[in-house]
Every structure is written in structure tokens, then in C-alpha cells.
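Undergrad: need coordinates for the below:
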Amino acid sequence: MNRRMALVTVAILLLTRTLCCAQEGAEVTLEESGETSFRIRTGEYTLAYEPESRDDKQGWIMIRRDGKANGLATKMASGHHLDVTDLGAGESAAYTWQTRRKDSAIFRSLKVVETEDVIRVTVDSERRWAKFNSTLVVYKEHPGLIHWRVDAKARRDQTFSNAARPDCHFARDDAVGIWGGVHRDAVRYHVQRGPTSGILYFRDPDMASFVFYFEDLSSMNKLYQLTGSAVPYDYYSPGNGGSVRMGQATSKFQRVSNGPAKPYQDAVTAHSSFGYEHPQNFRVPKGTELTFTDTYLYLKPASKTDNVSVSRNFVESLADIYKYIYKPPTIETDWVGEVMPQLLDDVMRPENMSRYQGEYFIPKAYVQYKHDDNQLWTLAQILHPLELYVKKHPADAKAKKLRDMLNDALPAFFNKKHGWIHNNAGDTHTDAYYHTVYVFNPANMVMDLALLGNAHAKTMIAGCRANFLKLGRNLDYTFGDVHIGDFSKSTGHYQFDATGMYIDLMMNYYALSGGRDTEALESAKNAAAKIENRCFDLGWQINMTVTTALGCAKIYQATGDEKYLNLSYIGLASALIEVWLWECDFGVGEYTTTFWSMSGCPAAPSNAEYETSRARLVYRKYEKLVGRKLSPNVQELIGDAWRRGPTQSRFTLPPYIVKAGGKQFIAEEGKEETNCGVISHEQMIPLEDVSAGWGTDLEWFQNSSKLGVVGQEIYGVGGMIWYALWQDE
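TA: Next up is the predicted model:
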């Protein structure tokens with residue numbers, strides 16, 4: 001009897017496995033293909049290319065969700081001189097009033113190949129000016145993920161002077177309006193701004209779907225080399241617009257003077273098209289081979305549209321796509337043996353140090369700042385990793401000397417009378433407002449020191465605990481610039497990532513108490529409740545934004561409540577929209593690495609090492625804290641922030657840029673070229689601002705400014721010390 005039951009059980013398991021495999025295999029299937037057509041199912045979506053059966057004969061690839069009449073359409077690369085899937089190229093009704101186009105019948109061949117992992121469509125087409133090889137791929141591992149790429153080889157010189165068109169259009173029933181005739185409503189969550197990744201993310205109510213669009217800008221290097229001046233985000237549009245568009249990107253800030261912070265609400269706007277727009281007014285020389293589009297489109301049913309679901313889908317979609325995009329090789333750097341000895345010498349140069357009250361030596365914020373500059377921001381972010389570095393390298397006398405010097409100066413930034421940490425040494429005017437970043441950044445760095453056992457830091461943190469609890473209660477855990485007098489008022493704009501920093505600070509109080517400070521834990525929960533109301537609007541300073549995720553993860557670790565782990569995705573999503581997941585190889589990019597750069601503030605046209613290195617530290621902590629709870633692709637994405645990131649940070653150091661051949665892209669040595677301090681190409685101190693592109697404009701606020709026109713930030717060297725600590729990893 002037992003043997004018979006065992007056999008039956010085995011048979012049931014085998015049958016179940018067979019059925020499951022059949023269902024999984026059915027998620028991505030090639031339904032039909034011909035010499036000029038194909039139909040592919042990917043999840044709940046169908047891609048159909050049947051140009052001869054459509055009245056317009058314009059070569060649209062139609063994308064629809066099951067049971068939904070309206071969908072999307074693409075030609076992979078649209079616009080003048082392109083339209084690579086247009087089988088007839090001139091047979092549509094729009095051209096009946098004139099003779100057929102000279103490029104008629106550009107279609108040459110279509111081939112569909114199915115493998116164990118993908119279904120790949122290859123379309124060869126030809127215009128008078130170029131031959132095109134276009135591919136479309138769907139991935140069996142990721143139903144709903146579509147990737148297309150269009151490569152061209154010029155047969156003659158060709159000028160592109162007409163307006164660019166995006167590569168995706170909305171379809172109503174079977175109609176596609178390339179001239180804007182077909183509009184559909186969409187809920188935009190994020191549109192690329194500045195030099196960040198080519199990401200567009202929205203919800204299509206008609207399709208009840210999330211739409212995640214990613215343009216792999218790394219493939220566009222040859223295209224942008226031809227412009228001589230353009231970068232992938234430098235367009236004549238307000239708000240520092242990007243090359244991936246859906247209308248204009250909008251500001252997400254709220255003024256404190258308007259009253260209590262307003263919760264996020266969906267904004268529904270109508271659009272006819274979206275996607276990548278190539279640069280305008282450039283010439284392609286004969287024989288040039290280049291890529292016009294390299295696009296990922298990820299469609300998923302939008303069964304839930306709360307802020308956590310929207311943010312989590314963003315993070316997971318980006319992580320799945322990240323698996324396939326171009327990643328430049330990492331460059332090994334001897335941070336311990338090569339960078340640290342010179343860095344320590346450069347930081348302790350007399351011209352780079354300030355004296356406070358004739359007693360303490362404190363590093364200035366910038367190289368050779370003309371005045372004394374005593375900031376806890378600078379001191380603490382160097383001292384924190386240096387404490388660990390000295391423990392790991394106890395024989396390094398220079399590191400120990402700087403550590404002791406900084407530690408001796410630390411108490412100068414605490415006012416016992418007010419019970420408050422000051423960013424600037426000295427007394428604080430009680431009628432003053434502190435910029436929120438100068439409240440929470442220094443406080444969290446001093447807390448990090450306290451958790452390491454630093455006696456001065458523990459005294460300071462204990463001394464201002466009551467005021468931080470009061471600050472949260474008085475301002476309802478949402479902060480603008482903070483009034484120092486009684487912590488009752490704030491001004492300016494709400495900085496919602498400051499709420500995330502507050503969560504992390506409270507959870508560190510909880511950790512410092514050994515889990516006994518329940519008042520701090522409850523304050524962290526109260527602040528986390530405010531994060532539930534946010535969606536892609538946490539960004540003020542990139543390291544603060546991602547700290548929101550870490551703070552929520554710490555509540556999850558302390559309570560076991562999955563709600564807080566889910567809330568962490570809101571912080572991750574708001575931070576990842578500011579990351580540059582593309583490699584610039586033109587202009588200064590020929591000599592540096594941009595991949596895993598981060599805009600320090602929303603859409604900032606340059607990377608800043610302080611914000612970047614602090615963000616890398618937080619990503620690392622987050623991965624080590626809850627990495628096992630993440631999908632493998634999300635874990636890889638988060639891990640690469642600090643594993644691959646130091647290669648990018650290497651090229652914030654002038655000696656490495658000069659050695660690579662990029663000296664002409666750095667601001668010239670001397671104070672005349674900077675806003676803060678002096679540029680010194682020989683010092684191992686990171687440049688404040690490292691941008692992509694051609695670096696021809698010396699005005700730092702311009703998109704194409706030279707590197708370092710703000711200055712060399714001594715307050716950013718802490719990142720180099722962290723990289724030395726992580727070197728073996």
C-alpha cells in the first residue's frame with residue numbers, strides 16, 4: 001500500500017511539474033511568423049507585426065494587452081531618414097497626393113529565431129543613405145520585457161536636420177497618430193531629467209499596465225560624437241530636460257509656506273508619444289556605423305497602484321533590465337597603497353587646514369580655501385571611515401595622526417547649553433534656521449562614530465537626543481529648513497528625504513541603547529508613516545534619499561514587520577532615478593568613467609563625490625542588512641552601487657584624470673577657475689563636480705562645464721577611505 005501510494009505521489013509530482021513547466025513556457029511564445037510578419041506573446045501582452053494587413057502599411061509593431069483595445073506602437077527607430085520597419089515606405093494615405101518616396105520598399109528581410117532563453121526577430125532594411133540591422137528580443141525569463149536595437153551603416157553622407165520623433169506611440173483601437181492625432185491618458189511617475197539614466201516610467205490606465213522605458217545611452221556614444229557639443233540630456237527645454245521624454249519633466253518640491261505637506265497624488269496627462277529622441281542638426285559621414293536606438297520596454301499589469309507597489313515595480317523592473325545593459329569594465333585601484341598615502345599628505349597640508357580658537361586643526365571644505373572653514377560635515381565624514389582604517393592599518397602613522405587631530409576637534413561642534421550639534425564650530429543663534437542637510441548629515445555621521453564607540457560622539461549624541469525627539473514631534477516628521485530656537489518652525493521647501501534621515505537617526509538611537517530606547521523606535525515609526533505618502537519625490541540630496549530605504553529596513557529588522565521592508569522601496573526608487581547607468585565615451589568621457597555616477601541633487605548635471613560616496617556606503621549597508629530579502633537582480637543592482645562605483649569615483653581624482661589624458665577637461669589650476677578654493681591637478685582630493693560630455697563651458701551651472709569649476713572638495717575624501725576599506729571586497 002505504501003509503495004503504491006509512493007508511486008502515485010511521484011506520478012502526481014511529475015505531472016504537476018510538467019503542467020507547471022508548460023504554463024511557464026507558455027508565458028513567452030512565438031505564435032506565428034512569416035517572411036514579413038510575426039506575432040509573439042510575452043506574458044499578457046502580444047506583439048504583432050503585420051504591415052501588409054494594415055490599411056496604413058506604415059510598418060507599426062503593435063503591442064496590446066489581452067482584453068484591451070488600446071495599446072502601444074513602435075517602428076523601433078522613428079522619424080525622417082529612419083522608420084526602419086516601414087515595409088512600404090510611401091504607400092500610406094498620407095502620401096497619395098505625391099509620387100512614391102524615393103526610398104520605397106526599403107524592407108529587405110525578416111528572420112525569427114527562438115532559443116531556450118529568447119525569441120529574437122531580425123529585420124534588415126535599406127534606405128538610399130544607409131543599411132539598417134534591427135533586432136527585437138523578448139526574454140522568456142521576464143514576460144513583458146521587450147528589447148529593440150537599430151544599427152545603421154551609412155552608404156553616403158547624410159544630414160539630420162528635421163525634428164526628432166520618439167520611438168513609441170499610443171494607439172487607440174487600431175489607429176496610430178504620428179502627427180499627434182491620437183492622445184491617451186497616462187500617469188507619469190518619472191521622466192528623465194538631466195544626465196541621469198534614460199528612464200521613463202508611467203502607468204497606462206487604458207492598458208491597466210505599468211510601462212517602464214529604458215534607453216541604454218551607452219550605445220549612443222558614436223551618435224553624440226558626431227554632434228561635437230550635445231550630451232544625452234542637453235536639449236532646449238526647461239527643467240534640464242532629457243533625451244527620453246514624455247512631455248516636460250516637472251518639479252516635485254513643495255513649499256513649506258503652503259501649509260502641511262501634501263500627500264502624493266496621481267497626475268493624469270494626455271500624450272500621443274513617448275521615448276528616446278536622437279539629437280538634431282548633425283551629419284553622418286559615409287561609412288559610419290552607429291546605433292540609433294537601444295531600448296528596453298517593460299510592461300507589467302498594474303494590479304496595485306499604491307505608492308509601495310509603484311516604487312517596488314520600478315526597482316524590480318530596473319534591476320531586471322540592468323542584467324542586460326552595457327556595463328564598462330571595472331578598473332582596479334590600489335586605494336590602500338597608492339591613494340591613501342598621498343591623500344593623507346594632501347589633506348594635512350597647512351593651506352588645507354583651519355585653526356579653531358588657536359587650538360584645533362580642522363580640514364577646510366575645499367583645497368586652499370582663502371578663509372578658515374570649520375565644518376562638522378567635513379570632519380565627521382573623514383573621521384568615521386578613518387577610525388576603521390586605523391584599526392585595520394594600525395602601523396599607518398599618518399592616518400593615526402589625522403584621526404587623533406580630528407577626534408580632538410570633535411567636541412567643538414557640540415553646544416551643551418542648547419543641547420545641539422552644530423555644523424559650524426561656535427555658538428548658534430537661536431533665531432537662525434539651519435538648512436536641513438546641515439542638521440541631519442552631521443548628526444548621522446556623529447551617530448556612526450558613537451556606534452563605533454567614540455567617546456566624544458557618544459556624549460554629543462546623548463546630549464541632543466531630547467531635542468531630536470522634540471524636533472520630530474513639533475514638525476510632524478516633515479522638515480524644511482529647521483528653526484533652531486525651539487524647533488517649532490521650518491521654512492523653504494519640504495525635504496522629504498530628511499524624514500528618511502530622521503528615521504535612520506532614531507533607529508541608530510535604538511541600536512545605541514541595545515534595543516531599549518522604545519521612544520526612539522516609535523518616533524522612527526511615526527516618521528515612516530510619512531514615507532507612505534510619498535512617490536518619487538524624496539529627492540533632495542542623493543545620500544539622504546537612499547538613507548530613507550536604510551532607515552525603513554532597520555525598523556523591519558527590529559520589528560519583523562514586512563510593511564517597513566516594503567516602504568524601503570519608496571526610498572530606493574527615489575534614489576535610483578538619480579543614478580547614471582550609462583557610460584559616456586565622448587569628450588571627457590573618453591578619459592573617465594560615468595557608469596554609476598549619481599546626481600547629488602535632482603537632475604544636477606554633475607556627480608559630486610561627497611553625496612555619491614555616502615550613498616554608496618548606504619547602499620552597502622542596505623544590501624548587507626536585507627540583501628537576502630531582495631530578488632537576486634535587485635541585490636546585484638544595489639551591490640554594484642558600491643562594488644562597481646569606485647571605478648567612477650577614481651576619476652574624480654585629478655591625478656588619475658591627468659594620467660588618463662583628460663587634463664584639458666579639468667578647470668585650470670588656480671583660484672580664478674573655481675567658485676571655491678583652488679584647483680591643484682596634483683592633489684589627491686576629489687573634484688566637486690564631474691560631468692559628462694565636452695566640458696567647454698566654464699560656468700559651473702551649465703550642463704557642459706569643465707570638471708572642478710566648483711572646486712576640490714576635501715569633505716569628499718571620506719569616500720576614498722571607504723574604498724580603501726572595501727578594497728579586498
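
Undergrad: show me where the stretch 401-550 of the chain has strands.
TA: Counting by DSSP state E, counting those that start in this stretch, the stretch 401-550 of the chain has strands at residues 414-415, 420-421, 433-434, 481-483, 490-491.

Undergrad: most neighbours per residue, which of the ones you listed?
TA: Comparing the strands of the stretch 401-550 of the chain by mean neighbour count (mean count of other C-beta atoms under 10 Å), strand 420-421 comes out on top with a mean of 24. Quick note: C-beta positions are derived from backbone N, CA and C, even for glycine.

Undergrad: give the rounded mean pLDDT of that strand.
TA: In this model, strand 420-421 has an average pLDDT of 90.

Undergrad: residues in contact with it?
TA: 376, 413, 414, 428, 442, 443, 446, 460, 464, 467, 484 (C-beta atoms under 8 Å, 6 or more residues apart in numbering).

Undergrad: over to stretch 254-264?
TA: With C-beta under 8 Å, 6+ apart, stretch 254-264 has contacts from 307, 476, 478, 480, 490-494, 496, 530, 533-537.

Undergrad: what's the closest of those to residue 691?
TA: Of all these, residue 536 has the smallest distance to residue 691: 23.7 Å, by C-beta to C-beta.

Undergrad: my guess is that closest one contacts residue 187, does it?
TA: No: using C-beta atoms under 8 Å, residue 536 is not in contact with residue 187, being 11.3 Å away.

Undergrad: which of the strands of the stretch 401-550 of the chain sits closest to residue 693?
TA: Here strand 481-483 is closest among the strands of the stretch 401-550 of the chain (C-beta to C-beta), at 33.0 Å.

Undergrad: which strands or helices does the closest one pack on?
TA: strand 433-434, strand 490-491 (3 or more C-beta pairs under 8 Å, 6 or more residues apart in numbering; DSSP states H and E).

Undergrad: any chance of these in JSON lines, plus distance to residue 194?
TA: What follows is these, written out as JSON lines (distance: least, C-beta to C-beta, whole Å):
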{"stretch": "strand 433-434", "distance to residue 194": "27"}
{"stretch": "strand 490-491", "distance to residue 194": "26"}
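
Undergrad: so which of these comes closest to residue 670?
TA: strand 433-434 (33.2 Å).

Undergrad: quick check: beta-bridge partners of residue 276?
TA: Using DSSP bridges, the bridge partners assigned to residue 276 are residue 244.

Undergrad: pull up the pairing partners for the lengthiest strand in the chain, direction included.
TA: Secondary structure of the chain per DSSP state E: the longest strand is strand 289-301. Using DSSP bridges, strand 289-301 pairs in its sheet with strand 145-154 (antiparallel), strand 209-215 (antiparallel).

Undergrad: next SSE downstream of that strand?
TA: The helix or strand immediately downstream of strand 289-301 is helix 307-322, counting by DSSP states H and E.

Undergrad: and the next helix or strand after that next one, how far from the chain's centre?
TA: Using DSSP H and E, the helix or strand that follows helix 307-322 towards the C-terminus is helix 340-347. Relative to its chain's centre, helix 340-347 lies at 31 Å (C-alpha atoms, centre = their mean, to the nearest Å).

Undergrad: what packs against helix 340-347?
TA: helix 397-409, helix 718-726.

Undergrad: hey, where'd the strands end up in the stretch 151-300 of the chain?
TA: 158-160, 168-172, 175-176, 184-191, 198-204, 209-215, 244-245, 268-271, 273-276, 282-284, 289-301.

Undergrad: got those as JSON lines, with mean neighbour count, distance to residue 500 and mean pLDDT columns?
TA: Shown next, in JSON lines, are the strands of the stretch 151-300 of the chain (neighbours: other C-beta atoms under 10 Å; distance: least, C-beta to C-beta, whole Å; pLDDT from 0 to 100):
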{"stretch": "strand 158-160", "mean neighbour count": "17", "distance to residue 500": "44", "mean pLDDT": "94"}
{"stretch": "strand 168-172", "mean neighbour count": "21", "distance to residue 500": "33", "mean pLDDT": "94"}
{"stretch": "strand 175-176", "mean neighbour count": "18", "distance to residue 500": "42", "mean pLDDT": "88"}
{"stretch": "strand 184-191", "mean neighbour count": "20", "distance to residue 500": "18", "mean pLDDT": "95"}
{"stretch": "strand 198-204", "mean neighbour count": "23", "distance to residue 500": "20", "mean pLDDT": "97"}
{"stretch": "strand 209-215", "mean neighbour count": "25", "distance to residue 500": "24", "mean pLDDT": "98"}
{"stretch": "strand 244-245", "mean neighbour count": "24", "distance to residue 500": "27", "mean pLDDT": "92"}
{"stretch": "strand 268-271", "mean neighbour count": "13", "distance to residue 500": "28", "mean pLDDT": "94"}
{"stretch": "strand 273-276", "mean neighbour count": "25", "distance to residue 500": "30", "mean pLDDT": "94"}
{"stretch": "strand 282-284", "mean neighbour count": "18", "distance to residue 500": "42", "mean pLDDT": "94"}
{"stretch": "strand 289-301", "mean neighbour count": "22", "distance to residue 500": "26", "mean pLDDT": "97"}
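
Undergrad: in TSV, list those along with distance to residue 358.
TA: Shown next, in TSV, are these (distance: least, C-beta to C-beta, whole Å):
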stretch	distance to residue 358
strand 158-160	65
strand 168-172	65
strand 175-176	75
strand 184-191	51
strand 198-204	52
strand 209-215	56
strand 244-245	55
strand 268-271	61
strand 273-276	59
strand 282-284	60
strand 289-301	60
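
Undergrad: closest to residue 371 out of those strands?
TA: With respect to residue 371, and counting by C-beta to C-beta, the nearest of the strands of the stretch 151-300 of the chain is strand 184-191 at 40.5 Å.

Undergrad: what does the closest one contact?
TA: 70, 170, 172, 199-206, 211, 242, 244-250, 266-272, 274, 310, 314, 535-536, 577.

Undergrad: who wins for proximity to residue 119 among the helices and strands packed on helix 340-347?
TA: helix 718-726 (40.3 Å).

Undergrad: report the buried residues of that closest one.
TA: Residues 718, 719, 720, 721, 722, 723, 724, 725, 726 are the ones in helix 718-726 that count as buried (16 or more other C-beta atoms under 10 Å).

Undergrad: now tell me what touches that helix from outside.
TA: So helix 718-726 is contacted by 333, 335-336, 339-340, 343, 381-382, 384-386, 388-389, 392, 609-610, 612-614, 616-617, 620, 642, 646, 649, 653, 684, 686 (C-beta under 8 Å, 6+ apart).

Undergrad: give me the buried subset of these.
TA: Buried among the contacts of helix 718-726 (16+ other C-beta under 10 Å): 333, 335-336, 339-340, 343, 381-382, 384-386, 389, 609-610, 612-614, 616-617, 620, 642, 646, 649, 653, 684, 686.

Undergrad: average model confidence for the host helix or strand of residue 563?
TA: Using DSSP H and E, residue 563 falls within helix 562-576. When pLDDT is averaged along helix 562-576, the result is 98.

Undergrad: show me what the helix or strand just after that helix pairs with in its sheet, parallel or antiparallel.
TA: Going down the chain from helix 562-576, the next helix or strand is strand 579-580, by DSSP H and E. Here strand 579-580 has these sheet partners by DSSP bridges: strand 597-598 (antiparallel).
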